[in-house]
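K.L.:
pasting the sequence and the predicted model now:
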Amino acid sequence: MKEKPFSTQETPQRRNDSTSWDPPLDPQTWNLGPYEPAIQERMHHLEHARFSQRLWDKDPTLWKKDPQHQEIIRHGLGWLEVAEKMQKNLGDLIQFAAEGQAAGFRHVVHMGMGGSSLAPLAIQRIIPQPPGALLLTVLDTTDPVTIFKIERNVPLGETLFIVASKSGTTAEPSAFGEYFYSKIKSLKGIGAGENFVAITDPGTPLERLAQKRGFRRIFAGLPDIGGRYSALSLFGLVPAALMGLDVGALLARALLMARACASRVPPSQNPGVLLGAAMGELVRLGRNKITFLMPESIATLGLWLEQLLAESTGKDGTGILPIADEPVGELTAYGEDRFFVYLRLKNEVDQSLEEVVAGLQKAGHPVVTIQMEDRLNLAQEFFRWEIATATVGAILGINPFDQPNVQQSKDITNGLLEKIRQIGKLPETVPTLSEGPLHFYGTEHAENARDLLKNFFAWTRPGDYLALQAYLTEAPAITQPLQAIRQRLRDNLRLATTLGYGPRFLHSTGQFHKGGPNTGLFLQLTANDAEDAPIPGTPYTFGVLKRAQALGDLEALRKHQRRVLGIHLGADVLHGLDKLLQIVQAALS
């Protein structure tokens with residue numbers, strides 16, 4: 001059969017360790033237009049360089065030549081075999097889930113950030129839960145309103161709390177753990193540890209704390225897997241098992257994709273390498289904003305993809321900016337810097353999205369369509385995109401397994417928190433302009449808010465993007481006006497837009513914001529907290545921690561010469577957002 005370099009729909013996939021053939025996977029189909037010759041040339045280059053074989057051999061020279069980077073890379077490729085390794089844990093995971101139910105637990109709260117929380121969040125929101133299993137809630141925000149909501153809505157004494165952190169030192173899950181441990185201790189005394197589980201790498205401070213407090217279980221992470229590549233490890237599988245999901249079936253789907261992406265499969269037939277080759281070459285050709293289109297039922301996959309792509313590739317002044325959950329627009333709203341990925345479910349086809357995709361293809365935009373057989377194939381997508389991201393890193397010449405700029409915001413935040421210990425409060429910041437409930441914090445001055453925003457938007461250049469950074473309570477009533485502002489900015493400025501809730505995005509697109517190209521404009525939104533909660537063992541509250549994280553990110557962006565404007569919405573968030581939308585509309589008119 002003649003080779004079809006841009007479709008895996010009819011191409012059988014070869015195993016890594018034999019010459020037998022697997023059945024076809026979920027298909028990828030491509031519409032690349034004038035970019036096809038360049039991408040085909042890139043695939044020939046990858047085949048000539050024996051990319052697939054060297055990837056599975058864990059050859060660090062695929063990405064970097066200097067010893068320091070190579071050492072990081074050598075310790076970051078364990079995800080290639082993780083699905084196979086996790087099969088050995090199946091019996092233990094199933095037994096642990098059964099023991100949790102037998103012990104009387106009814107709910108699970110998974111507490112993590114970034115790679116420790118986004119895969120469980122995607123699994124929880126996308127794959128239907130069987131009746132009778134433990135209900136799962138994922139906590140990945142320092143927003144005190146959200147924390148209070150969880151505290152009031154779950155039966156604390158019958159809830160199992162998972163503290164998930166690879167390093168065992170991540171500030172947010174540490175704070176979550178301390179808060180809920182104090183609540184359970186007030187109920188159960190010295191037996192509070194029975195309501196807690198830790199997932200962390202061996203030898204971490206979290207492991208030691210869990211041992212000291214008598215946690216019900218400590219699950220050891222794999223040190224050779226970075227957080228954002230850990231979806232198919234215990235960080236994703238422990239909460240999945242507690243949800244009552246068929247973890248064995250998830251791993252089987254992942255293994256099918258792993259075999260399809262094996263070392264002996266040529267790039268033109270390798271779904272992960274082919275996807276990565278297209279993305280990497282399109283970045284080099286100016287299409288560096290990958291825009292995801294998917295039905296609402298699987299939209300949370302976009303949050304996981306945001307972190308994987310942005311944190312892995314957004315460095316050294318280059319990278320892919322993932323655009324997730326952006327409202328669908330008219331064709332005129334999309335510039336020549338976009339590349340579209342349409343993820344569809346075989347039996348849940350969204351006809352309106354089908355029409356949008358057809359229009360994009362007709363207009364000449366590069367589009368890849370990936371069809372998922374069912375929602376369990378989320379596991380296949382985890383592995384496909386990990387392979388693709390590693391491939392992009394090799395093409396762009398960056399290390400996709402580090403995150404050099406994430407730490408900077410953390411360090412600035414820690415400095416601010418240290419000042420609280422010294423002087424009892426955060427340093428005062430003076431707004432450059434106040435109008436109604438809104439306070440603006442920027443480097444430019446203007447007579448009124450309309451002119452201030454108008455001047456800010458005048459800084460835009462072709463190929464830029466605009467990021468809304470919302471340090472607010474994540475709720476539909478707040479997301480709706482944020483999306484309205486986002487859509488208005490996208491349609492009028494013809495810029496790609498992102499919307500991230502803080503501090504979640506700090507562990508995701510935050511790396512791209514500082515380490516990627518200087519093409520972003522940032523609107524940082526904060527507000528007064530309706531209520532607040534102290535963090536045990538610290539002199540500050542969750543609200544103060546969230547505010548310190550926002551200030552730390554603002555300062556880090558400015559240190560990198562980014563175009564950024566802080567906007568405080570006041571005590572009534574919805575009123576503040578309504579006022580902001582009015583000013584945005586006036587500034588764009």
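P.N.:
That came through fine. Residues are numbered from 1 along each chain as shown.
K.L.:
which residues of the stretch 451-589 of the chain fall in helices?
P.N.:
476-493, 510-515, 542-559, 573-588 (DSSP state H, counting those that start in this stretch).
K.L.:
show me which positions of the first one end up buried.
P.N.:
Burial within helix 476-493, assessed by neighbour count using 16 or more other C-beta atoms under 10 Å, is assigned to 478-479, 481-491, 493. Backbone N, C-alpha and C define where each C-beta goes, glycine included.
K.L.:
now the third one
P.N.:
Along helix 542-559, the positions that meet the burial threshold by neighbour count (16+ other C-beta under 10 Å) are 542-557.
K.L.:
any idea how far the spatially most central residue of the chain lies from Ser233?
P.N.:
Centroid-nearest residue in the chain: Gln307, 3.0 Å away (criterion: C-alpha atoms, centre = their mean). Gln307 sits at a distance of 15 Å from Ser233 (criterion: C-beta to C-beta, to the nearest Å).
K.L.:
got it, and Ala210?
P.N.:
Ala210 is 18 Å from Ser233, by C-beta to C-beta.
K.L.:
now Leu46
P.N.:
From Leu46 to Ser233 the distance is 27 Å (C-beta to C-beta).
K.L.:
how about the strands in the stretch 351-500 of the chain?
P.N.:
367-372, 433-435, 438-441, 465-470, 496-501 (DSSP state E, counting those that start in this stretch).
K.L.:
from the contact counts, what lies against the second one?
P.N.:
Here strand 433-435 touches strand 438-441, helix 449-457, going by 3 or more C-beta pairs under 8 Å, 6 or more residues apart in numbering; DSSP states H and E.
K.L.:
let me have those in TSV, adding distance to Leu580 and mean neighbour count as columns.
P.N.:
TSV is the format used below for the helices and strands packed on strand 433-435 (distance: least, C-beta to C-beta, whole Å; neighbours: other C-beta atoms under 10 Å):
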stretch	distance to Leu580	mean neighbour count
strand 438-441	6	20
helix 449-457	9	20
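K.L.:
can you say which of these is nearest to Leu135?
P.N.:
Closest approach to Leu135 among those is made by strand 438-441 (38.7 Å; C-beta to C-beta).
K.L.:
secondary structure element holding Ala198?
P.N.:
Assigned by DSSP states H and E, Ala198 belongs to strand 196-200.
K.L.:
and if you look at Met43?
P.N.:
helix 36-48.
K.L.:
can you list the buried residues in that helix?
P.N.:
39-40, 42-43, 46-47.
K.L.:
ok, and what's touching it?
P.N.:
5-6, 30, 32, 52, 266-268, 273-274, 277-278, 280-282, 285, 391, 395 (C-beta atoms under 8 Å, 6 or more residues apart in numbering).
K.L.:
the host helix or strand of Val341 pairs with which strands, parallel or anti?
P.N.:
Taking DSSP H and E as the criterion, Val341 maps to strand 338-345. Neighbouring strands of strand 338-345 in its sheet, by DSSP bridges, are strand 289-293 (parallel), strand 367-372 (parallel).
K.L.:
neighbouring contacts of the first one?
P.N.:
By that I understand strand 289-293. 279, 301-302, 305, 309, 320-326, 328, 334, 337-343, 353, 356-357, 465, 496.
K.L.:
go again using 6 Å as the cut-off
P.N.:
302, 320-324, 337-342, 353, 496 (C-beta atoms under 6 Å, 6 or more residues apart in numbering).
K.L.:
avg pLDDT for that strand?
P.N.:
In this model, strand 289-293 has an average pLDDT of 98.
K.L.:
chain center to that strand, what's the gap?
P.N.:
14 Å (C-alpha atoms, centre = their mean, to the nearest Å).
K.L.:
any buried residues in the next helix or strand after that strand, and which?
P.N.:
Downstream of strand 289-293, the next assigned helix or strand under DSSP H and E is helix 301-313. For helix 301-313, burial by neighbour count (16+ other C-beta under 10 Å) applies to 301-313.
K.L.:
same question, stretch 120-135
P.N.:
120-127, 133-135.
K.L.:
which parts of the stretch 151-300 of the chain are strands?
P.N.:
159-164, 196-200, 217-220, 289-293.
K.L.:
for these, give me a markdown table that also has mean neighbour count.
P.N.:
Listed next are those as a markdown table, based on neighbours: other C-beta atoms under 10 Å:
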| stretch | mean neighbour count |
| --- | --- |
| strand 159-164 | 27 |
| strand 196-200 | 27 |
| strand 217-220 | 18 |
| strand 289-293 | 24 |
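K.L.:
dump the residue contacts of Ala210.
P.N.:
With C-beta under 6 Å, 6+ apart, Ala210 has these contacts: 198, 218.
K.L.:
poorly predicted segments of the stretch 401-550 of the chain, please.
P.N.:
In the predicted model, the stretch 401-550 of the chain carries no residue with pLDDT under 70.
K.L.:
so where's the chain shaky on pLDDT?
P.N.:
In the chain, residues with pLDDT under 70: 1-26.
K.L.:
what's the domain layout of it?
P.N.:
The chain is divided into the following domains under automatic domain parsing: 20-73+264-396, 81-251, 406-588.
K.L.:
which one of the ones you listed lies closest to Met257?
P.N.:
domain 20-73+264-396 (4.3 Å).
K.L.:
could you find the closest non-adjacent residue to Pro223?
P.N.:
Computed as C-beta to C-beta, 6 or more residues apart in numbering, the closest residue to Pro223 that is not its neighbour in sequence is Asp201, at 5.1 Å.
K.L.:
I'd say the one you found and Gly221 touch.
P.N.:
Yes. The pair Asp201 / Gly221 is scored as a contact, 4.4 Å apart, by C-beta atoms under 6 Å.
K.L.:
show me which of these two is the more surrounded one.
P.N.:
Gly221 (25 against 17; other C-beta atoms under 10 Å).
K.L.:
distance of the more buried one from Gly115?
P.N.:
For Gly221 relative to Gly115 (C-beta to C-beta), the value is 10 Å.
K.L.:
and Val349, by the same measure?
P.N.:
31 Å.
K.L.:
higher neighbour count, those two?
P.N.:
Gly115 (28 against 11).
K.L.:
got the contact list for that one?
P.N.:
227-228, 230.
K.L.:
which of the strands of the stretch 151-300 of the chain sits closest to Gly500?
P.N.:
Nearest of these (C-beta to C-beta): strand 289-293, 14.1 Å.
K.L.:
which strand residues bridge the closest residue in space to Gly442 that isn't next to it in sequence?
P.N.:
Nearest residue to Gly442, sequence neighbours excluded (C-beta to C-beta, 6+ apart): Leu565, at 4.4 Å. Counting by DSSP bridges, Leu565 forms beta bridges with Leu523.
K.L.:
quick check: Leu565 vs Leu360, distance?
P.N.:
Distance from Leu565 to Leu360, by C-beta to C-beta: 31 Å.
K.L.:
what does Ser116 give?
P.N.:
35 Å.
K.L.:
okay, these two: which has more neighbours?
P.N.:
Taking other C-beta under 10 Å, Ser116 and Leu360 do not tie; Ser116 has more neighbours (30 against 20).
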